[in-house]
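**Student:** okay, sequence plus prediction incoming.
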Amino acid sequence: MEFLKQLENILMERKRELPNGSYSSRLFQEGEDSILKKIIEESGEVLLAFKGGSKEEIIHEVADLIFHLMVALVEKEIYLNDVIEELKKRHKQK
C-alpha cells in the first residue's frame, strides 16, 4: 500500500508539472479520452491474460491496468484513500 501512495504522489506531481519525456505527463496532456482508451485497452489485456496467460503475464497486465486506473483517478482528483473508504463501507454493510 505504501508504494501505491508513493505512486499516487508521483502521478500528482507529474500532472502538476508535466515534465517532458514522462509517459504519465503525456497521458495527462492528452486528456481524459486518451486515459480512458488506455484503461479499455489494458482491461482487455487483463482478460486475455486471465483466459490463457501465465501467472507472470497476468501480473504484468494487472499492473498496467492499476497504473492507468491510478492515472484516471488523479486526473479526476480522486485519491486512493477515497477508494479505500468506499471499500471499507461496503465491507461493513455485509
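**Tutor:** That came in fine, so what should we check first? In this text, all values refer to a predicted model and were calculated from it rather than measured experimentally. Residues are numbered from 1 along each chain as shown.
**Student:** go ahead and confirm Met12 touches Val74.
**Tutor:** Yes. The pair Met12 and Val74 passes the contact test of Cβ atoms under 8 Å, sitting 5.6 Å apart. To be clear about C-beta, it is placed using only N, CA and C from the backbone, and glycine gets the same treatment.
**Student:** more neighbours, the two?
**Tutor:** It is Val74, of Met12 and Val74, that has more neighbours when counted by other Cβ atoms under 10 Å, with 25 against 13.
**Student:** if you skip the residues just before and after it, what's nearest to the more buried one?
**Tutor:** Leu11 (4.4 Å; Cβ to Cβ, 6 or more residues apart in numbering).
**Student:** and the worst-scoring helix or strand of the chain on mean pLDDT, what does it pack against?
**Tutor:** Least confident helix or strand of the chain, by mean pLDDT, DSSP states H and E, is helix 80-93 with a mean of 92. Counting contacts by 3 or more Cβ pairs under 8 Å, 6 or more residues apart in numbering; DSSP states H and E, helix 80-93 packs against helix 2-17, helix 55-75.
**Student:** select, out of these, the one closest to Ile35.
**Tutor:** Comparing those against Ile35 with Cβ to Cβ, the closest turns out to be helix 55-75 (5.0 Å).
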